[in-house]
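Novice: got a sequence here, can you build the structure:
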Amino acid sequence: MNAPVNLDHAQLAASLPLDQIDPSQPQLFQDDTIHPYFARLRRDAPVHYTRESMFGPFWSVTRYKDIMTVEVNHKVFSSSSQFGGITIRDRAKELELPMFIAMDPPKHDIQRQAVQPIVAPGNLAKMEGIIRERVCTILDGLPRNETFNWVDKVSIELTVQMLATLFDFPQEDRRLLSYWSDCATAMPMPGGLIENEEQREKVFHEMAAYFIGLWNKRVNAAPAPDLISMMAHAEATRNMPPREFMGNLVLLIVGGNDTTRNSISGGVWFFHNNPGEYAKLRANPALVESAVPEIIRYQTPLAHMRRTALADFELQGQKIKEGDKVIMWYLSGNRDPEAIEEPERFIIDRARPRQHLSFGFGIHRCVGNRLAEMQLKILWEEILKRDLKIEVQGPPKRVLSAFVHGITELPVRVAG
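Specialist: Sure, this is the predicted structure:
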């Protein structure tokens, strides 16, 4: 990003009347110019109301401690799809996709427990060898001395291979998983991946038809340690209605894909911009333990989660009314200087590196957080072992979205 653009946004964020600030504009995330607006809101209006936006009116919660207040108070702040779900974008009632992250207790807890065993410590230990083998194959197969897209060859490839394993999904079709994930989160626009909601629904039905074939095989076989078998055999999920089945598939695919994929891409970009931190890591590879959560904090792969108020509630002196849309901006909370020391800096040896909001908090904390960290940890261990010289050739291209804080392209060259 060139300096004048950044300067313009810094000046604009500082000078705009508060009631004109709309932090939901997708272009600000794609251009990576959102941070000055969040800094202004944290300072002057940590609980802020936007009356008009492309997503309708909403409250922004931008400070770490206030996000935590909303996050843990699930009796007042609902994530249920029947009230609007977990993203700022409203869906028509007939297009609602119930999924356990978009449910309130007790149903949320029961459905979450059905898939929890996939990331139990014993199962993670078994996966470590598989992940390492795949990472080695991917890294050793990278082109040398030519420019390629790191996102495609490494970030997506590693995550879809892992997702396919979690679902016991045919590896030869694994790229369908990243396609479905991208379709689930894409903003509808002419010429885009998804042009309208009808097209998205068509993709969802194609995805469901594929998975129903897998489901029918698993439900008639002995229980197995994959996500489809776990859902097929668990009392809470074996008789899900079709849209709930689709919703939980979307949740598991997006959750297993976006966090890891975008942190893998972001890490390369952050080390490129902070060569001193990379020198620190090369000198002491054990720092990978704290570098991984710092990468995840600094990237914040999902910019926000949404809640809907079920009752009137006062937060930081602001009166949130029943029915209001409340957006917890994780991307802002992860840069809150009241909670994290020097949050704008990328520092791989922080004393408390896991003190971030990227995985959420409370009952909705990301079920696969340890698996995401394990994939990143192994990747950087193997990069360091090989002393790979990853040379970034240009700035990343980012996703046009106020929800997925993602990277679509990162041109790099590996010196041979």
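Novice: all strands for the protein, in order.
Specialist: 47-50, 58-61, 77-78, 147-149, 304-309, 313-315, 318-320, 325-329, 390-392, 397-398, 407-409, 411-414 (DSSP state E).
Novice: partners of the fifth one in the sheet?
Specialist: Here the strand partners of strand 304-309, with direction, are listed using DSSP bridges: strand 77-78 (antiparallel), strand 325-329 (antiparallel).
Novice: what's the closest of the ones you listed to residue 251?
Specialist: Closest approach to residue 251 among those (C-beta to C-beta): strand 77-78, 16.6 Å. Just so you know, the C-beta spots here come from the backbone N, C-alpha and C atoms, and that holds for glycine as well.
Novice: list of residues touching the closest one?
Specialist: 70-71, 104, 307-310, 313, 326 (C-beta atoms under 8 Å, 6 or more residues apart in numbering).
Novice: next one: stretch 369-383
Specialist: Under C-beta under 8 Å, 6+ apart, the answer for stretch 369-383 is 119, 124, 127-128, 131-132, 135-136, 139, 154, 158-159, 162, 256, 259-260, 263-264, 267, 281, 285, 288-289, 291-293, 295-296, 359, 366, 390.
Novice: walking through the stretch 301-416 of the chain, point out its helices one by one.
Specialist: Secondary structure of the stretch 301-416 of the chain by DSSP state H, counting those that start in this stretch: the helices cover 330-333, 369-386.
Novice: any chance of TSV for the ones you listed, columns distance to residue 23, mean neighbour count and mean pLDDT?
Specialist: Below are the helices of the stretch 301-416 of the chain laid out as TSV (distance: least, C-beta to C-beta, whole Å; neighbours: other C-beta atoms under 10 Å; pLDDT from 0 to 100):
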stretch	distance to residue 23	mean neighbour count	mean pLDDT
helix 330-333	8	27	98
helix 369-386	25	20	94
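Novice: TSV please, covering those helices and showing distance to residue 146.
Specialist: Shown next, in TSV, are those (distance: least, C-beta to C-beta, whole Å):
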stretch	distance to residue 146
helix 330-333	34
helix 369-386	17
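Novice: number of nearby residues for residue 255?
Specialist: 21 (other C-beta atoms under 10 Å).
Novice: which residues touch the residue nearest to it when sequence neighbours are not counted?
Specialist: Spatial nearest neighbour of residue 255, excluding adjacent residues (C-beta to C-beta, 6 or more residues apart in numbering): residue 368 at 6.1 Å. Applying C-beta under 8 Å, 6+ apart to residue 368 gives the contacts 118-119, 255-256, 259.
Novice: by neighbour count, which of those wins?
Specialist: Neighbour counts for these (other C-beta under 10 Å) peak at residue 259, which has 28 neighbours.
Novice: from the contacts of residue 368, which two are the most distant?
Specialist: The widest separation within those (C-beta to C-beta) is 15.1 Å, between 118 and 259.
Novice: picking up where we left off before, now, which of the contacts of stretch 369-383 lie within helices?
Specialist: 124, 127-128, 131-132, 135-136, 139, 158-159, 162, 256, 259-260, 263-264, 267, 281, 288-289, 291-293, 295-296 (DSSP state H).
Novice: how about low-confidence regions in the stretch 101-250 of the chain?
Specialist: For the stretch 101-250 of the chain, the stretches with pLDDT under 70 are 101-103.
Novice: give me that answer again for 90
Specialist: 101-127, 166, 184-185, 187-192, 224-227, 230-231, 234-250 (pLDDT under 90).
Novice: that one: helices as residue ranges?
Specialist: 107-115, 121-140, 150, 157-167, 175-185, 197-219, 227-233, 242-273.
Novice: ok, residue 409 - contacts?
Specialist: Shown in contact with residue 409 (C-beta under 8 Å, 6+ apart): 149, 151-152, 396-397.
Novice: neighbour count and distance to residue 247 for those - can I get that in CSV?
Specialist: Compiled in CSV, those are given as follows (neighbours: other C-beta atoms under 10 Å; distance: C-beta to C-beta, whole Å):
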residue, neighbour count, distance to residue 247
149, 18, 31
151, 23, 27
152, 15, 28
396, 21, 30
397, 15, 29
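Novice: most distant residue from the middle of this structure?
Specialist: residue 220 (33.5 Å; C-alpha atoms, centre = their mean).
Novice: if I look at that residue, how far off is residue 209?
Specialist: Distance of residue 220 to residue 209, computed by C-beta to C-beta, to the nearest Å: 18 Å.
Novice: good, wrapping up.
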